[in-house]
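[1] Return a 3D structure for these sequence lines:
(one chain, ligands or ions: 1)
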Amino acid sequence: MGGRRAGSTGTHRSGRIARVLRRLRPFARPHQGLFVAAALLLLVSTAAQTTTVWLFGRLTDEALVHGATHRFLGPATAWLVVAVAGAAASYAGHLLQARASGRLLADLREAMLARLHVLSPAFFAAIPAGDLLTRFDSDLDAVDELAGSGLVEIATAVTGVICFTAAAFLLRWDLALLACAAAPLYWLLTRRLTARVQIAAERQRVAEGQLAAVVEENISAAALVQTHGMAAHEHRRLRRHGVAWFDARLVAYRVATANAVLATLLETVFVLAVLGVGSWEISTGRLTLGGLLSFAGFLGYLYGPVQELGTLVVSIGAATASGDRILELLDHPVEVRDAPDAGEPHRVHGQVRFDRVSVRFPAASTPVLDQVSFVLRPGQLTVLTGGSGAGKSTITTLLVRLRDPNSGHILLDGYDLRSLTLASLRRAVTVVAQDSPLLDGTLWANLTWGIPDATEPQVLATARAAGVDTFARALPNGYDSHLGQGGRLLSGGQRRRVAIARALLRDSPVLVLDEPTAGLDDRTAERLVHTLRGLAALRTVLVVTHDLRLAADADSLLVLDGGHLTSSPA
Ligand SMILES: Nc1ncnc2c1ncn2[C@@H]1O[C@H](COP(=O)(O)OP(=O)(O)OP(=O)(O)O)[C@@H](O)[C@H]1O
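    Reported below is the predicted structural model:
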């Protein structure tokens, strides 16, 4: 029973490694020329090492044993030439290997970011930002062990083992056989340890993600933690995850170190055994001193790659855990994507129709939107209101297809949103969410983000319309002032105005603003509403708000309650 379980675990483990490698292969393929060149150069360097050991034996027998200095120069020169060639090949091989695995990691990182760009809000709600960050950092580094440099190192270590074993067998097959008795023992040792390292590495990666999530939250909510007196609580959270990380790391470290130490001990025992037998062979005249030294040299070189292979097998076990975490991101299902026959509308007028649209979140008992139907028309300002949690923001996410409804249709100028490409839809519809973040750049860069060809007069006019101009001139460097991460150097209302200006500059036919007047004083809010009214003459404007004063300026009012649109007076 126990044997079968161990076997199936081993199969499961190698299956996992194979699956991760198979999935990562497309990322290595474009650079396989570099990987192969690196492996070949490193093989040349291994071959050179083998030759130098053999030359050392010749030098010993021909020059050193007889004290014949005139016979020293030949083998010594050959040794030097081979050593220089081997060193050059090793240098170039390692450089190419670093270049190839660096490119592989860059491609993988970009693919991961591209995946983030198509994943739904539900994904980001499920995985903390800090945890995602560690996948871009330490998990990627670990994967390099598996799919990048690791493979080249395995190839060269295996060749090293083959070369040195072959050389040892050529020299004295019986002594080589004795030396090779260590191999099965070493293999069994490494196999046992790898499984444990993989489990520890998995725990370590998960704990690393949790640690990063705590740190990220403590940075982004620093003021909240301070003012709510939660520092000690956060300290304990960090410590708890830190202890889990430390324990897992210690296990991994202990196992890896035990592997290295036991391998060295095994090597010593077998080298001593070979030397013992070898010295007896010399005394009987069946072996020269040079022959024995060469043989010991081969063994020294042989155990190096064998040990390296063991270490690599162990670290590949650890890298599989990271590979799995990267694949979890890369292969996470994309809920919303372009249909194969998706097209672009010729010219968008901006009429939006919700036709019996229903949305139910996975764990919810009732739908948040239940057969909701309404029309937004170009040239009209519509206000959508309703209690907190009524589903207003959900409607805005549907409009740009951050998610799709469970049933019903949403049409833009008569086209089902699902028949349009996401890019064309998102050019036609701009949503300013309640918490539209700003970026760590200048005010100007934030305003023109995504609209690089906006002219200066356009930017300034939009900034005036959104009420940005009033505070921009008071900033230390005007529009060139840096706003800090997330725009922290601005007030909440100022950030909101920048987000609105950025959206207005996109000049899209449908404009949706979620709580645009939140955090604005009455005068600024009034000016903003006036601007929106003006904009609505040329496009479709939907304002989501609790502020019913805005209803006075609206052409129509939609009220959402209990998943239903209860009234829509003109
Ligand atoms: N990704 C999600 N998974 C599960 N439930 C969700 C998700 N997003 C929103 N909800 C739930 O759907 C409901 C509607 O949320 P929504 O943000 O649309 O409300 P809202 O009307 O905009 O509220 P508010 O006025 O407070 O901003 C809420 O009960 C919310 O908890």
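
[2] how about the residues of the chain that lie near the ligand?
    121-122, 125, 361, 364, 368, 386, 388-394 (CB under 6 Å from any ligand atom). Where C-beta positions appear, they are placed from N, C-alpha and C, glycine not excepted.

[3] go with 5 Å
    A122, F361, V368, S388, G389, A390, G391, K392, S393, T394 (CB under 5 Å from any ligand atom).

[4] Dump those to a markdown table, plus secondary structure, pLDDT and neighbour count.
    Converted to a markdown table, the residues of the chain next to the ligand look like this (DSSP: H, G, I helix; E, B strand; the rest coil; pLDDT from 0 to 100; neighbours: other CB atoms under 10 Å):
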| residue | secondary structure | pLDDT | neighbour count |
| --- | --- | --- | --- |
| A122 | helix | 85 | 12 |
| F361 | coil | 89 | 14 |
| V368 | coil | 93 | 21 |
| S388 | coil | 88 | 6 |
| G389 | coil | 88 | 9 |
| A390 | coil | 90 | 20 |
| G391 | coil | 92 | 23 |
| K392 | helix | 93 | 23 |
| S393 | helix | 92 | 18 |
| T394 | helix | 94 | 19 |
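
[5] Can you name the two of the residues you listed that sit furthest apart?
    Checking the residues of the chain next to the ligand against each other with CB to CB, the farthest-apart pair comes out as A122 and S388, at 20.2 Å.

[6] Give me the secondary structure label for the residue in the stretch 451-570 of the chain positioned nearest to the ligand.
    Of all residues in the stretch 451-570 of the chain, the one sitting closest to the ligand is H546 (6.3 Å; CB to the nearest ligand atom). H546 falls in the coil class when you classify it by DSSP: H, G, I helix; E, B strand; the rest coil.

[7] Who are the contact partners of it?
    Shown in contact with H546 (CB atoms under 8 Å, 6 or more residues apart in numbering): T385, S388, E515.

[8] Could you single out the nearest of those to R203?
    Distances from R203 to the contacts of H546, taken by CB to CB, are shortest for S388, at 40.1 Å.

[9] Ends of stretch 379-396, what's the gap?
    With CA to CA, to the nearest Å applied, stretch 379-396 spans 19 Å between its terminal residues.

[10] before we move on, back to that, okay if I get the residues of the chain next to the ligand as TSV plus distance to A445?
    Shown next, in TSV, are these (distance: CB to CB, whole Å):
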residue	distance to A445
A122	30
F361	36
V368	36
S388	34
G389	35
A390	36
G391	34
K392	30
S393	27
T394	31
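
[11] Surely L108 is in contact with F27?
    Yes - contact criterion CB atoms under 8 Å: L108 and F27 qualify, at 5.1 Å.

[12] Any regions of this protein where pLDDT drops low?
    Residues of the chain meeting the criterion pLDDT under 70: 1-14, 65-68, 146-149, 314, 567-570.

[13] Most distant residue from the centre of it?
    Farthest-out residue of the chain from its mean C-alpha position, per CA atoms, centre = their mean: T284, at 63.3 Å.

[14] quick one: contacts for it?
    Counted by CB under 8 Å, 6+ apart, T284 has zero contacts.

[15] any idea how far it is from V277?
    Separation of T284 from V277 (CB to CB, to the nearest Å) stands at 11 Å.

[16] got it, and L330?
    54 Å.

[17] which SS state does T366 fall under?
    Local secondary structure at T366 is given as coil here, using three-state DSSP.

[18] contacting residues around it?
    Contacts of T366 (CB under 8 Å, 6+ apart): R360, G563.

[19] Show the backbone phi and psi for it.
    Backbone geometry at T366, expressed as degrees, to the nearest 10, gives phi -120, psi 150.

[20] Quick check: it vs A125, distance?
    Distance of T366 to A125, computed by CB to CB: 19 Å.

[21] Repeat that for D331.
    Taken as CB to CB, the span from D331 to A125 is 19 Å.

[22] ditto for D141
    Taken as CB to CB, the span from D141 to A125 is 27 Å.

[23] cool, and A296?
    According to CB to CB, A296 and A125 sit 62 Å apart.

[24] Likewise for A342?
    The spacing between A342 and A125, counted by CB to CB, is 27 Å.

[25] For the nearest residue to P378 once chain neighbours are set aside, what are phi and psi?
    Spatially, and ignoring its direct neighbours in sequence, P378 is nearest to G350 (4.2 Å; CB to CB, 6 or more residues apart in numbering). The phi/psi pair for G350 (degrees, to the nearest 10) reads phi 110, psi 20.

[26] same question, the one 3 residues further on
    Reported as degrees, to the nearest 10, the phi and psi values for R353 are phi -130, psi 130.

[27] could you pull out the strands for the stretch 251-400 of the chain?
    Assigned by DSSP state E, counting those that start in this stretch, the strands in the stretch 251-400 of the chain fall at 352-359, 369-376, 381-386.

[28] Just send those back as JSON lines, with mean neighbour count too.
    Converted to JSON lines, the strands of the stretch 251-400 of the chain look like this (neighbours: other CB atoms under 10 Å):
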{"stretch": "strand 352-359", "mean neighbour count": "19"}
{"stretch": "strand 369-376", "mean neighbour count": "19"}
{"stretch": "strand 381-386", "mean neighbour count": "22"}
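
[29] State which helix of this protein is the longest.
    Longest among the helix segments of the chain by residue count, using DSSP state H, is helix 231-283.

[30] picking up where we left off before, of D141 and A125, give the one with the bigger neighbour count.
    Between D141 and A125, D141 has the larger neighbour count (other CB atoms under 10 Å), namely 13 against 8.

[31] contact partners of whichever strand or helix holds the more buried one?
    Assigned by DSSP states H and E, D141 falls within helix 138-147. Helix 138-147 has contacts (CB under 8 Å, 6+ apart) with 17, 20-21, 24-25, 27-28, 101, 104-105, 108-109, 112, 150, 201, 205, 208, 312, 315-316, 318-323, 325-326.

[32] Same question for stretch 374-382.
    In contact with stretch 374-382 (CB under 8 Å, 6+ apart) are residues 349-354, 509-510, 532-533, 536-543, 553-558, 565, 568.

[33] Could you turn the buried ones of those into a ChimeraX selection?
    To isolate the buried members of those in ChimeraX, using 16 or more other CB atoms under 10 Å:
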select :349,350,351,352,353,354,509,510,532,536,539,540,541,542,543,554,556,557,558,565
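
[34] Return the subset of the contacts of stretch 374-382 lying in strands.
    Secondary structure from DSSP state E places V352, R353, F354, V510, T540, V541, L542, V543, S556, L557, L558, L565 of these in strands.

[35] how close does the fourth one get to R353?
    Going from V510 to R353 by CB to CB gives 12 Å.

[36] got it, and the fifth one?
    With the distance defined as CB to CB, T540 ends up 11 Å from R353.

[37] got it, and the last one?
    L565 sits 13 Å away from R353 when distances are taken as CB to CB.

[38] who touches both of those two?
    With CB under 8 Å, 6+ apart, L565 and R353 have common neighbours S373, F374.

[39] Only the buried residues of stretch 207-214, if you could.
    A207, E208, G209, Q210, L211, A212, A213, V214.

[40] Show me which residues of stretch 320-330 are buried.
    Buried, per 16+ other CB under 10 Å, within stretch 320-330: T320, A321, S322, G323, D324, R325, I326, L329, L330.

[41] In helices, which of the residues you listed appear?
    Those of these lying in helices (DSSP H): T320, A321, S322, G323, D324, R325, I326, L329, L330.

[42] my guess is the first one meets I17, correct?
    Spelled out, that is T320. Yes - counting by CB under 8 Å, I17 is a contact partner of T320 at 5.1 Å.

[43] and the nearest residue to P305 once chain neighbours are set aside, how many neighbours?
    Closest residue in space to P305, ignoring its immediate chain neighbours: G160 at 3.5 Å, by CB to CB, 6+ apart. For G160, the count of nearby residues is 24 (other CB under 10 Å).
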